[in-house]
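Asks: What follows is a predicted structure for the sequence shown.
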Amino acid sequence: MKKRQFLPPQRIHGLMWAHTHTAVLKTAVELDVFTQIARGRTTVQGISRATGSSHRGIEMLLNALVGFQLLMKKGRKYGLTPESREFLVKESPFYLGKMILLIGGMASGSRISSKHTHGGAENLWRNLTRAVKTGKPVKMRSNQEERKKFWPILVEAIFPGSYIKARGLAQSWNSPRGKTPYRILDVAAGSAAWSIPFAERFQGVRVTALDYPEVLKSTRKFARRLGVSSQYSYLPGDLDVLDFGREEYDLIILGNICHSLGARKSQKLIQKSFRALKKKSHLLIADTLPNEQRDGPLFPLLFALNMLLHSEEGDTFTLAEYKRWLTNAGFKGAKTLEIPPAPSPLIVARK
């Protein structure tokens, strides 16, 4: 594998997600979050009740506002910053809420109202207020045909970012001496961005790519494009249903999966992966991690809201949560790997 230095596309990444900043601020104003905190409601439970919002949704919103430095967080309580007290509380003579609703309405292409309409993926964040109130995702892909069209588009769109991170990981991975073939299970493989760099670097690697049949068409395309198709086999199906087997793999990759599954299903997946790994083999988890206080970094807090919009149980999880799940499943020696330009560390656990 030729060594190539990739520059992290941080500026482009920030611009791609800029619309979410407006949506978060608009939702906070629509729900009167800052005013409720000024009136003494400082816990998730109190703010949830005062705004008529779900516990799940309002906690995610509050944490994102902390990430924007518009709120402070101490333990389980939230407080105003000088800036938010001056400009985001209704009783303030300098209240900017009306302007925020005006700009937010123009940015979303909708009327200045808490009522939102369904549409394509570009409209998803217009529904943030409703999702925070209900704690449930926006039903945009309600039938199988829509999902079949959506998933291939998604996995191809996220390939570059995941591949760059995985390439850095594979370059630092110890050569699997004495293990031929070195068997990898790429769970919910998508474009195979997380496993292709291993196949590129190590000729003895054999990858089983698991995903829905319609998604595996994209997997095959990327494996051919990068010249590693001979090292791949394919396992179509639902990861919740398929049996991974017993002590079959040297490495199992969970690349950006857990956030969409939620805590309950992620723990089951980690347990299933433990059973499918050979002794002294490894589980790799790649995801975006908030810190233990859930007050930063900003992107994992925003991405939790993205999961609110997309899934019934999805969220972003801390390193401590992952380590607890891994220990409960039987793994030992869980550690993190800092792989630039990945914003969050990768987690590697040994069976």
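Replies: Alright, I've got the coordinates.
Asks: Excluding chain neighbours, what is closest to residue 257?
Replies: residue 188 (4.9 Å; CB to CB, 6 or more residues apart in numbering). Quick note: C-beta positions are derived from backbone N, CA and C, even for glycine.
Asks: Do you know the pLDDT at the one you found?
Replies: At residue 188, the pLDDT value in this model is 96.
Asks: Next, count neighbours for it.
Replies: Neighbour count for residue 188, taken as other CB atoms under 10 Å: 22.
Asks: next structured bit after the lowest-mean-pLDDT helix or strand in the chain?
Replies: Scoring the helices and strands of the chain by mean pLDDT, DSSP states H and E places helix 144-157 at the bottom, with a mean of 76. Reading on from helix 144-157 to the C-terminus, the next helix or strand found by DSSP states H and E is helix 159-172.
Asks: Report the mean confidence score over that next one.
Replies: Mean predicted lDDT for helix 159-172 stands at 92.
Asks: List the buried residues of it.
Replies: 159, 161, 162, 163, 164, 165, 166, 167, 168, 169, 170 (16 or more other CB atoms under 10 Å).
Asks: What of stretch 233-243?
Replies: Buried residues in stretch 233-243 (16+ other CB under 10 Å): 234, 235, 239.
Asks: now what about stretch 172-180, what contacts it?
Replies: Applying CB atoms under 8 Å, 6 or more residues apart in numbering, the external contacts of stretch 172-180 come out as 182, 198, 201, 202, 204, 205, 250, 337, 339.
Asks: Put the buried members of the residues you listed into a ChimeraX selection.
Replies: Buried residues among the contacts of stretch 172-180 (16+ other CB under 10 Å), as a ChimeraX selection:
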select :182,198,202,205,250,339
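Asks: From the contacts of stretch 172-180, which land in helices?
Replies: Those of these mapping onto helices are 198, 201, per DSSP state H.
Asks: Could you give me the buried positions within the helix or strand harbouring residue 347?
Replies: In this assignment (DSSP H and E), residue 347 forms part of strand 346-350. Under the neighbour-count criterion of 16+ other CB under 10 Å, strand 346-350 has 346, 347, 348, 349 buried.
Asks: Tell me the one among those residues nearest to residue 314.
Replies: residue 347 (17.8 Å; CB to CB).
Asks: list the contacts for residue 345?
Replies: 289, 319, 336, 337, 338, 339.
Asks: sorry, back to before: would you reformat the contacts of stretch 172-180 as TSV and include distance to residue 295 and pLDDT?
Replies: Below are the contacts of stretch 172-180 laid out as TSV (distance: CB to CB, whole Å; pLDDT from 0 to 100):
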residue	distance to residue 295	pLDDT
182	40	96
198	35	97
201	38	95
202	40	95
204	44	94
205	40	96
250	38	96
337	24	94
339	24	86
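Asks: what about the longest strand in this protein?
Replies: If you go by DSSP state E, the chain has its longest strand at strand 277-286.
Asks: Now do the residue lying farthest from the centre of the chain against residue 32, distance only.
Replies: Distance to the chain centre peaks in the chain at residue 93, reaching 39.0 Å (criterion: CA atoms, centre = their mean). Counting by CB to CB, to the nearest Å, the gap from residue 93 to residue 32 is 17 Å.
Asks: what's near enough to touch the residue lying closest to residue 170 once chain neighbours are set aside?
Replies: Closest residue to residue 170 apart from its sequence neighbours, by CB to CB, 6+ apart: residue 197 at 3.7 Å. Residues near residue 197 by CB under 8 Å, 6+ apart: 1, 163, 166, 167, 169, 170, 171.
Asks: what's the closest of those residues to residue 72?
Replies: Of all the contacts of residue 197, residue 169 has the smallest distance to residue 72: 35.7 Å, by CB to CB.
Asks: thinking again about what came up before, how about JSON lines for the contacts of residue 345, with distance to residue 126 added?
Replies: Formatted as JSON lines, the contacts of residue 345 follow (distance: CB to CB, whole Å):
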{"residue": "289", "distance to residue 126": "28"}
{"residue": "319", "distance to residue 126": "33"}
{"residue": "336", "distance to residue 126": "36"}
{"residue": "337", "distance to residue 126": "38"}
{"residue": "338", "distance to residue 126": "36"}
{"residue": "339", "distance to residue 126": "35"}
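Asks: And the residue most central in space within the chain, what's its pLDDT?
Replies: Taking CA atoms, centre = their mean, the centroid of the chain lies closest to residue 259, which sits 4.5 Å from it. pLDDT for residue 259: 97.
Asks: For it, pull up the helix or strand it's in.
Replies: Assigned by DSSP H and E, residue 259 falls in helix 258-261.
Asks: Residue 43 contacts residue 79, doesn't it?
Replies: No: between residue 43 and residue 79 there is no contact under CB atoms under 8 Å: 11.0 Å.
Asks: ok, so what distance separates the residue farthest from the centre of the chain from residue 86?
Replies: Using CB to CB, one obtains 9 Å as the distance from residue 93 to residue 86.
Asks: Check which helix or strand residue 288 maps to.
Replies: Residue 288 belongs to no helix or strand, assigned by DSSP H and E.
Asks: Share the number of residues neighbouring it, please.
Replies: Residues near residue 288, counting by other CB under 10 Å, number 20.
Asks: Surely residue 69 is in a helix?
Replies: No: using DSSP: H, G, I helix; E, B strand; the rest coil, the assignment for residue 69 is coil, not a helix.
Asks: Begin at 745 from now on, thanks
Replies: Sounds good: first residue 745 from here, last item residue 813.
Asks: I'd guessed it sits against residue 824; true?
Replies: No: counting by CB under 8 Å, residue 813 sits too far from residue 824 to count as a contact (11.3 Å).
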